[in-house]
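K.L.:
I'll drop the sequence and a predicted model, then ask my questions.
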2 protein chains.
Amino acid sequence: MPAPTKFLEYVEANAEKFIKRLAEAVAIPSVSGDAAYRKDVFRMAAFLESELKALGCEVLLKPLGKQVLDGKELDLPPAILASIGNDPSKKTILCYGHFDVQPALKSDGWNTEPFTLVVDEKTGRLIGRGATDDKGPVLGWINVLQAHHELGLPLPVNLKFCLEGMEESGSEGLDELIEKEAAPGGYLHGVDAVCISDNYWLNTRTPCLTYGLRGISYYKLTVSGPAADLHSGAFGRAVHEPMTDLITLMSKLVTPQGKILIPGVEDLVAPLTEAERKRYEVLDYSISDIEASVGASIALSSDKSAVLMGKMRYPSLSLHGIEGAFSAPGAKTVIPAKVSGKFSIRLVPDQTPEAVDPLVIAYIQSEFAKLNSKNKIGIENLHGGKPWVADPEHWNYVAAIKATEHVYKVKPDLTREGGSIPVTLTFAEKLGVNVLLLPMGRGDDGAHSTNEKLDRSNFIEGTKLLGTYLYEVGAISA
Amino acid sequence: MPAPTKFLEYVEANAEKFIKRLAEAVAIPSVSGDAAYRKDVFRMAAFLESELKALGCEVLLKPLGKQVLDGKELDLPPAILASIGNDPSKKTILCYGHFDVQPALKSDGWNTEPFTLVVDEKTGRLIGRGATDDKGPVLGWINVLQAHHELGLPLPVNLKFCLEGMEESGSEGLDELIEKEAAPGGYLHGVDAVCISDNYWLNTRTPCLTYGLRGISYYKLTVSGPAADLHSGAFGRAVHEPMTDLITLMSKLVTPQGKILIPGVEDLVAPLTEAERKRYEVLDYSISDIEASVGASIALSSDKSAVLMGKMRYPSLSLHGIEGAFSAPGAKTVIPAKVSGKFSIRLVPDQTPEAVDPLVIAYIQSEFAKLNSKNKIGIENLHGGKPWVADPEHWNYVAAIKATEHVYKVKPDLTREGGSIPVTLTFAEKLGVNVLLLPMGRGDDGAHSTNEKLDRSNFIEGTKLLGTYLYEVGAISA
């Protein structure tokens, strides 16, 4: 059951109206990480509340408590819970998105004012902070509601929304809300599947669905010795230097080819199946794509599938930096007294922080013991999150695949992402249902960066895709 | 020929006057590294000019040109060249010191106002910025001049002075001045030996003479890959990470026991002679001294001589830090695009920067080639300086040893220092004469640190020592 032609025509015909609404949303600088903009995050919530109500939704603004930011106690922005339709014969889909954005100043390197949506007629780009992350996708759902509202069409599913205003700042308070509302009697109880539109195509050409995310374990490894920093002339080769020990330990974590050297960590990785390998082989991707993304010919392999599996289905260990050592330009002859190496492991099934942490700690301790150093070490896990993988053969994915074929006339890439979107795991675990990541934007949108954009065609075809996906879900339930 | 009793008695009797003059000097905040205090460095030069002239010296203030500091073009403080006595039958001694100081704010952690000399009657400490580094020693010479002036005693030698106001800020302009004035016809031409009082006893108990300093070669090793920092989720295990390469290379430079792993670097070290080994064995030093200095039990050896030779007569390699990596508190999941490791080698005879640099560069390149990385490396020497060793059996040292025995009733320790005092090498090379480092302060004076102090007894006995040293030099020339 593809979407009705009049829905698709309505979206096409009302593109300018939709872009105007996106411009209104971008003009509200809802930066969640800066206390000065907190009122704008509230304004953005009110904007969405008003739009949703006008289109027939029941809307609840859920207070999430307080936080301390920049030394001030602030109210957290509310989460928006909304619903439309309550037909027990239809499936119920929960849509998640967020209405807060990353900070942006023109002086960061923007070519235009970040909070003024600029329509570049030549390239078709809609440029502005939040255009793709995540105001465009959130408004995509509202576009779908508007089309049905104005055309007098019933929706093919019951819809619920969970929209938050703190995604760029740790989603404070959201996990607790989801847990509470997922319980029997809760607002989110009984949804059949979840759809999240908050990630990106693998490239700039081919739509994708995303069925996996890596988890993370982030470590701080501290070596301390002298009571204060020492002069390297006065004490070099007289005492154990914390930096020497730390660098030696950090060098034993991962090879320049990316292999993790901590015994047991790679053994936890689920074996690659033949079916899975084929999924990587068919992805629309090439070595030149990754080289273009990073701006250098530094791919670890010349084999496309190996590169994709490296970032999608194998764990990685990155060394991020050192706290406490000399880090400024120029030359300083210091022996730092206490240095902390920061590194993290991106986790994949069947790894978990709980399984990996003891391996990391035991290895560090055993390698440190080999150094015969009189310095002291400490290691702590700063934060962790499990990896997530969904079944891409579930009806939720089947519907999205069919919808993509209808709207874009191509099979979507089935991808996994190397980063984390923690709320995905929360929905999967608390609701116990399939979660689909259905991105609207392209791989070069520059979310979090300067000159963030959403292509006009992605906004309009993406709106069609979200609507069509609901019809395909409806067809399955019929 | 020990110093005349009336000289020693004069010093004892006028201690309070000397301390008052030190207080006047400390009250002038002659911080050379901060443009806001530049006028005070000039005031300090004028203060010394006036004192020296009043005591019978000929004084020249030598302009050293201009510098740019904090974005402003400033006049460099002048060097003070002064002389008293021109008797061809006497030896001529050149005294070096500096009248600028390190920055100091009470809020740095001082217990008292840093630019107000506080006399702690209980501990005998004279506390204030510059008390020991280097206003106390410079005024020690002036105390000697005052005693002879007021007693109507002829000096046992001809004295020349070279005092600078930029020592804490790279001694800008001084090398060129010394080179010029060392040439025939120059102000410093024909001096017989140099005496520098600008370092410290090895401990808090035993006076020392210092006959060696390590040199240095400071390196910046840069690994670069992507065009910009990358997200470790999106790209971890897909690309060559500069930090992984850099940490691997840095781990191959030195062992946790301090051995330098760069082939050939340690081979350049002059062999240890039996006579030299004995010099370390007799030094008044113990493992508990170094543990007290660094505030931790982290000595590389439990053998006193091994620890002393490690910091005095063997090279050391210290890893100072990394520029370009994540260095703040907290957790950031970045793959830094370009990272520069800073490390330096403290050089000893017969090492020189010219001999060591090619070994370092060749080794880094060969180790990097083994990594099979597609990233790029660069290595540069940020600055270098040769090591310096004088002959401690020269008459200049013999005189200082005898003077120490007269004043302190002990044999001085004969030490080498692990750091650099570049002007030492300049004097040795340009004048071609023996240079003696004759410290006034103790090892715990805290030069450059908070609560810098000079013990009252070191100031007064130190003044006697400087005078007595001149008499011992005079006796040799007689």
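P.N.:
Looks like it arrived, so ask away.
K.L.:
Give the phi and psi angles for the residue positioned nearest the centre of chain A, as a check.
P.N.:
Central residue of chain A (C-alpha atoms, centre = their mean): residue A:421, 3.9 Å from the mean position. With angles defined as degrees, to the nearest 10, residue A:421 sits at phi -130, psi 90.
K.L.:
which residues does it contact?
P.N.:
Residue A:421 is in contact with A:196, A:198-199, A:213, A:437, counting by C-beta atoms under 8 Å, 6 or more residues apart in numbering or on different chains. Quick note: C-beta positions are derived from backbone N, CA and C, even for glycine.
K.L.:
and those residues as CSV, adding pLDDT and secondary structure?
P.N.:
Formatted as CSV, the contacts of residue A:421 follow (pLDDT from 0 to 100; DSSP: H, G, I helix; E, B strand; the rest coil):
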residue, pLDDT, secondary structure
A:196, 98, strand
A:198, 96, coil
A:199, 95, coil
A:213, 97, strand
A:437, 98, strand
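K.L.:
Kindly indicate which of those residues lies nearest residue B:87.
P.N.:
Checking these against residue B:87 with C-beta to C-beta, the nearest one is residue A:213 at 87.2 Å.
K.L.:
wait, the closest one sits on residue A:387?
P.N.:
Yes: proximity of residue A:213 to residue A:387 meets the contact threshold set by C-beta atoms under 8 Å, at 6.5 Å.
K.L.:
Which residue of the two possesses the greater neighbour count?
P.N.:
A count of neighbours by other C-beta atoms under 10 Å in any protein chain shown puts residue A:213 above the other of residue A:213 and residue A:387, at 29 against 24.
K.L.:
where exactly do the strands run in the stretch 251-400 of chain A?
P.N.:
A:316-323, A:334-335, A:338-347, A:376-385, A:388-389 (DSSP state E, counting those that start in this stretch).
K.L.:
And for the stretch 101-250 of chain A?
P.N.:
Using DSSP E, counting those that start in this stretch, strands in the stretch 101-250 of chain A cover A:118-120, A:125-127, A:158-164, A:193-196, A:208-213, A:215-224, A:230-231.
K.L.:
Who are the packing partners of the shortest one?
P.N.:
This means strand A:230-231. strand A:334-335 (3 or more C-beta pairs under 8 Å, 6 or more residues apart in numbering or on different chains; DSSP states H and E).
K.L.:
does the strand it packs on come close to chain B?
P.N.:
Yes: contact of strand A:334-335 with chain B (C-beta under 8 Å from any C-beta of the partner chain) involves A:334-335.
K.L.:
Return the list of strands paired to that strand, each annotated with direction.
P.N.:
As defined by DSSP bridges, the strand partners of strand A:334-335 come to strand A:230-231 (antiparallel).
K.L.:
And chain A, what are its domain boundaries?
P.N.:
Using the TED database, the domain parsing of chain A gives A:5-213+A:388-475, A:215-269+A:314-385.
K.L.:
angle of the longest helix seen in chain A against strand A:158-164?
P.N.:
Longest helix in chain A, counting residues (DSSP state H): helix A:456-477. Taking axes from the mean of the first three to the mean of the last three C-alpha atoms, to 10 degrees, one finds helix A:456-477 and strand A:158-164 inclined to each other by 140 degrees.
K.L.:
Please enumerate residues in contact with stretch A:264-274?
P.N.:
So stretch A:264-274 is contacted by A:259-260, A:309, A:313-315, A:345, A:348-351, A:355-356, A:359-360 (C-beta under 8 Å, 6+ apart).
K.L.:
start to end distance for that stretch?
P.N.:
Length of stretch A:264-274, first residue to last, C-alpha to C-alpha, to the nearest Å: 23 Å.
K.L.:
Of the strands of the stretch 251-400 of chain A, which is nearest residue B:117?
P.N.:
strand A:334-335 (28.8 Å).
K.L.:
which residues touch residue A:353?
P.N.:
Residue A:353 makes contacts with A:215-217, A:347, A:381, A:384-386, as judged by C-beta under 8 Å, 6+ apart.
K.L.:
let's see it at 7 Å
P.N.:
Listed by C-beta atoms under 7 Å, 6 or more residues apart in numbering or on different chains, the contact partners of residue A:353 are A:215, A:217, A:347, A:381, A:384, A:386.
K.L.:
Give me the buried stretch members for the longest helix of chain A, please.
P.N.:
Going by neighbour count (16 or more other C-beta atoms under 10 Å in any protein chain shown), the buried part of helix A:456-477 is A:456, A:458-474, A:476.
K.L.:
Isn't residue A:159 up against residue A:96?
P.N.:
No: using C-beta atoms under 7 Å, residue A:159 is not in contact with residue A:96; the gap is 11.8 Å.
K.L.:
So those two - more neighbours on which side?
P.N.:
Comparing residue A:159 with residue A:96 by other C-beta under 10 Å, the one with more neighbours is residue A:96, at 28 against 23.
K.L.:
by contact count, what packs against the helix or strand hosting that one?
P.N.:
According to DSSP states H and E, residue A:96 maps onto strand A:92-98. Contacts defined by 3 or more C-beta pairs under 7 Å, 6 or more residues apart in numbering or on different chains; DSSP states H and E place strand A:92-98 against helix A:136-151, strand A:158-164, strand A:193-196.
K.L.:
can you give me the helices for the stretch 351-478 of chain A?
P.N.:
A:353-370, A:395-408, A:422-431, A:456-477 (DSSP state H, counting those that start in this stretch).
K.L.:
Ok, which of these comes nearest residue B:126?
P.N.:
So among the helices of the stretch 351-478 of chain A, helix A:353-370 is nearest, using C-beta to C-beta, at 44.2 Å.
K.L.:
Could you report the pLDDT at residue A:470?
P.N.:
Looking at residue A:470, its pLDDT reads 98.
K.L.:
for residue A:452, same thing?
P.N.:
Reported pLDDT for residue A:452: 95.
K.L.:
ok, so what distance separates it from residue B:335?
P.N.:
Distance, residue A:452 to residue B:335, by C-beta to C-beta, to the nearest Å: 21 Å.
K.L.:
Also residue A:295?
P.N.:
Residue A:295 is 13 Å from residue B:335, where distance means C-beta to C-beta.
K.L.:
Compare these two (neighbour count), which wins?
P.N.:
residue B:335 (30 against 13).
K.L.:
Contacts only, for the residue lying closest to residue A:251 once chain neighbours are set aside.
P.N.:
Leaving aside its sequence neighbours, residue A:251 sits nearest to residue B:251 (C-beta to C-beta, 6 or more residues apart in numbering or on different chains; 3.4 Å). By C-beta under 7 Å, 6+ apart, the contact list for residue B:251 reads A:247-248, A:251.
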